[in-house]
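Engineer: please work out how this folds:
(one chain, ligands or ions: 4)
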Amino acid sequence: MQLTNLLYKVPLQSTSGNMSVDVMKLTMDSRQAGPGSLFAAIRGTQTDGHQFIDKAVEQGVTVILCEELPDNRANDVTYVQVQDTSYALGLMAANFYEHPSQKLKLVGVTGTNGKTSTATLLFRLFRQRGYRTGLLSTVQNQIDETVIPATHTTPDTIALNELLAQMVQRGCSHCFMEVSSHAMVQHRVVGLHFAGGIFTNITHDHLDFHETFDNYIKAKKSFFDQLPASAFALTNLDDKRGLVMLQNTAARKESYSLQTLGSFKGRILSEGLFGMQMDVDGREVWFKLTGRFNAYNLLAVYGAAVLLGEDAEEVLTQLSSLASPPGRFEMVISDNKIVGIVDYAHTPDALQNVLETIAGLRQGNEQVITVVGCGGNRDVTKRPIMAEIACKFSDRVILTSDNPRNEDPMAILEQMQAGVPPIHFKKTQTIVDRHEAIFQAVALAGPHDVVLVAGKGHETYQEIKGVKYDFDDRQVLREAFQQSISEK
Ligand SMILES: CC(=O)N[C@H]1[C@@H](OP(=O)(O)OP(=O)(O)OC[C@H]2O[C@@H](n3ccc(=O)[nH]c3=O)[C@H](O)[C@@H]2O)O[C@H](CO)[C@@H](O)[C@@H]1O[C@H](C)C(=O)N[C@@H](C)C(=O)N[C@H](CCC(=O)O)C(=O)O
Ligand SMILES: Nc1ncnc2c1ncn2[C@@H]1O[C@H](COP(=O)(O)OP(=O)(O)OP(=O)(O)O)[C@@H](O)[C@H]1O
Ligand SMILES: N[C@H](CCC[C@H](N)C(=O)O)C(=O)O
Ligand SMILES: [Mg+2]
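Structural biologist: Ligands and ions are numbered 1, 2, ... in the order given. This next block holds a predicted model:
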């Protein structure tokens with residue numbers, strides 16, 4: 001694409017060099033830059049992309065997009081200076097891929113918890129309704145039946161537009177995507193046209209990145225601030241910040257609630273381990289998902305589908321046949337009836353929701369044994385809180401490693417231990433090795449007891465010092481069940 005077309009609507013500060021060059025590829029990584037490509041220098045959290053401009057030039061790059069022009073500029077390279085490279089790149093990626101988001105109905109889901117669940121249920125629902133559909137999620141990206149591995153909850157702006165363009169090419173009419181708070185701050189969705197936005201909830205997370213809760217709220221809210229008037233903005237009225245999110249949006253304001261009157265109203269009638277009965281806008285429906293948090297997700301999915309023009313009754317009938325997404329309250333039951341639950345609860349709020357759901361499903365004096373850890377190189381403030389919640393709602397707790405990444409696993413566990421109230425010391429154990437921790441939990445369990453393995457959900461690896469080792473909580477649970485039965 002001609003550089004001038006690529007720069008359509010991009011606020012420029014200055015340019016130098018030939019502006020009638022052709023750009024074949026966009027990249028923000030100098031290691032991927034070469035002849036015909038445009039390298040965008042982005043100031044990151046680890047390093048500053050501006051440091052790699054010379055390297056990109058050496059590799060024969062055609063255009064440099066930057067916030068600061070280098071003093072020594074190459075004659076055969078075009079330099080474009082903008083105020084904010086990530087923002088400019090967002091607009092340029094949309095131009096480069098010819099605005100795929102305008103050629104399908106794109107719905108974004110934001111919030112601390114429930115994005116993957118909501119987006120995945122919407123994706124499955126719309127596929128079941130016969131639409132070609134796309135999904136961009138933490139677990140995986142999908143173009144109809146084709147699975148494309150995901151590296152982020154929200155892909156970077158270039159990958160994102162490329163994926164959307166592929167969806168359009170494959171005839172998709174809808175795409176459901178997660179919009180993380182990181183994505184908002186880094187302008188990953190800046191050039192996109194949304195048909196709708198959904199807010200799930202907001203609780204503490206990612207304070208390592210956003211620093212204050214206020215910044216985190218602002219990041220989520222900015223998604224609704226940028227929605228066009230043609231879109232719908234569907235919010236959770238029962239969340240304290242539900243209305244704040246929509247304060248400045250131009251989009252049509254819609255809401256859902258389990259507690260008050262919203263555009264879409266639901267009520268849980270009964271709950272069991274294998275599903276729940278709800279009243280949704282006056283219709284009684286049985287869902288295969290359980291837990292109050294899933295009642296919210298289902299209501300959001302139903303509301304969004306209706307706002308996209310689908311028939312309410314048909315939507316509810318089809319929703320009732322859908323199962324939970326992978327690693328979200330996923331059950332593995334042993335031959336002797338120990339109930340294993342693998343859940344991606346990696347925030348205090350999610351952990352509490354899952355444990356409260358389990359507590360609500362208890363019928364007698366079954367024990368709840370929780371295995372939980374916290375990821376390294378992530379928000380440290382949640383560590384003691386998650387340990388405290390685990391203790392409060394469980395009979396036994398085994399603190400273990402999640403993805404330690406580049407931190408010392410024992411140091412993370414010490415921060416978790418600091419949250420364990422003295423009265424719970426006796427029921428708490430610390431086992432660094434996650435495999436061993438799961439085996440120990442199963443060894444402690446008897447028939448009908450619940451073993452909750454929290455934090456990693458669908459993940460099939462454990463990341464330790466830059467290496468991703470094969471690890472699947474569901475698989476390890478199955479192995480532990482087998483061993484416990486053969487020993488008994
Ligand atoms: C905190 C964060 O979001 N980091 C993302 C960010 O990295 P960064 O800002 O640290 O980048 P950096 O390493 O400082 O480098 C700055 C720039 O120099 C460039 N560079 C670097 C080295 C080099 O040799 N040449 C070069 O050009 C880099 O490509 C980059 O453009 O930009 C990178 C390139 O797009 C991302 O891969 C990286 O995601 C990392 C892997 C990550 O873990 N992100 C997580 C925290 C994240 O984004 N999570 C959210 C959701 C979480 C949730 O909702 O629960 C997500 O959307 O996935
Ligand atoms: N609506 C909800 N409210 C609160 N907790 C939820 C909700 N939906 C799911 N959860 C809990 O949060 C966990 C993560 O859910 P999900 O993967 O859908 O969230 P997410 O927002 O996509 O998370 P991430 O930020 O990691 O992408 C689930 O395993 C469950 O424990
Ligand atoms: N998208 C989240 C996932 C956290 C999952 C947990 N298993 C961890 O590794 O901390 C993040 O990148 O912060
Ligand atoms: Mg997600």
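Engineer: by mean pLDDT, point me to the weakest helix or strand of the protein.
Structural biologist: Least confident helix or strand of the chain, by mean pLDDT, DSSP states H and E, is helix 207-210 with a mean of 73.
Engineer: in the following helix or strand past that helix, what counts as buried?
Structural biologist: Note on helix 207-210: by DSSP states H and E, the next helix or strand toward the C-terminus is helix 213-225. Of the residues in helix 213-225, Phe213, Tyr216, Ile217, Lys218, Ala219, Lys220, Lys221, Ser222, Phe223, Phe224, Asp225 count as buried by neighbour count, 16 or more other Cβ atoms under 10 Å. Yep, even glycine has a C-beta here, placed from its N, CA and C like the rest.
Engineer: and which of the residues you listed is nearest to Thr347?
Structural biologist: For those, the minimum distance to Thr347 (Cβ to Cβ) is 11.7 Å, reached by Tyr216.
Engineer: circling back to that earlier point, nearest to Leu246, of the buried residues of helix 213-225?
Structural biologist: Lowest distance from Leu246 to the buried residues of helix 213-225 (Cβ to Cβ) belongs to Phe224, with 5.7 Å.
Engineer: test my guess that that closest one contacts Val244.
Structural biologist: No: counting by Cβ atoms under 8 Å, Val244 is not a contact partner of Phe224; they are 9.5 Å apart.
Engineer: on the pLDDT front, check the closest residue to ligand 3 within the chain for me.
Structural biologist: Nearest residue of the chain to ligand 3 (Cβ to the nearest ligand atom) works out as Gly375 at 2.0 Å. If you check Gly375, the pLDDT there is 98.
Engineer: so what does it have for phi and psi?
Structural biologist: phi -70, psi 150 (degrees, to the nearest 10).
Engineer: got a list of what it touches?
Structural biologist: Gly375 is in contact with His346, Asp402, Asn403, Pro404, Arg405, Gly455, counting by Cβ atoms under 8 Å, 6 or more residues apart in numbering.
Engineer: ok, now Leu298?
Structural biologist: Contacts of Leu298 (Cβ under 8 Å, 6+ apart): Leu121, Gly266, Met278, Val280, Phe287, Leu289, Leu319.
Engineer: at 10 Å what do you get?
Structural biologist: The neighbourhood of Leu298, defined by Cβ atoms under 10 Å, 6 or more residues apart in numbering, consists of 117-118, 121, 256, 266, 276, 278, 280, 285, 287, 289, 316, 319-320, 322.
Engineer: repeat that for His204.
Structural biologist: Contacts of His204 by Cβ under 10 Å, 6+ apart are Thr112, Phe213, Tyr216, Thr347, Pro348, Asp349, Asp379, Thr381, Lys382, Ile385.
Engineer: one step back: gap between the residue of the chain closest to ligand 3 and Thr347?
Structural biologist: Noted for Gly375: a distance of 11 Å to Thr347, by Cβ to Cβ, to the nearest Å.
Engineer: what parts of this structure come near ligand 2?
Structural biologist: Counting by Cβ under 6 Å from any ligand atom, the residues of the chain close to ligand 2 are 111, 113-117, 138, 153, 178, 200-201, 293, 296-297, 328, 343-345, 349-350, 353-354, 457.
Engineer: the longest strand along the chain pairs with which strands, and in what direction?
Structural biologist: Looking across the chain with DSSP state E, the single longest strand is strand 264-272. Here strand 264-272 is paired, per DSSP bridges, with strand 252-257 (parallel), strand 275-280 (antiparallel).
Engineer: redo these as TSV? Include mean pLDDT and distance to ligand 4.
Structural biologist: Shown next, in TSV, are those (pLDDT from 0 to 100; distance: least, Cβ to the ion, whole Å):
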stretch	mean pLDDT	distance to ligand 4
strand 252-257	98	19
strand 275-280	97	22
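Engineer: reformat the contacts of His204 as a markdown table; add pLDDT and secondary structure.
Structural biologist: Output for the contacts of His204, formatted as a markdown table (pLDDT from 0 to 100; DSSP: H, G, I helix; E, B strand; the rest coil):
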| residue | pLDDT | secondary structure |
| --- | --- | --- |
| Thr112 | 92 | coil |
| Phe213 | 78 | helix |
| Tyr216 | 80 | helix |
| Thr347 | 93 | coil |
| Pro348 | 94 | helix |
| Asp349 | 91 | helix |
| Asp379 | 92 | coil |
| Thr381 | 93 | coil |
| Lys382 | 95 | helix |
| Ile385 | 97 | helix |
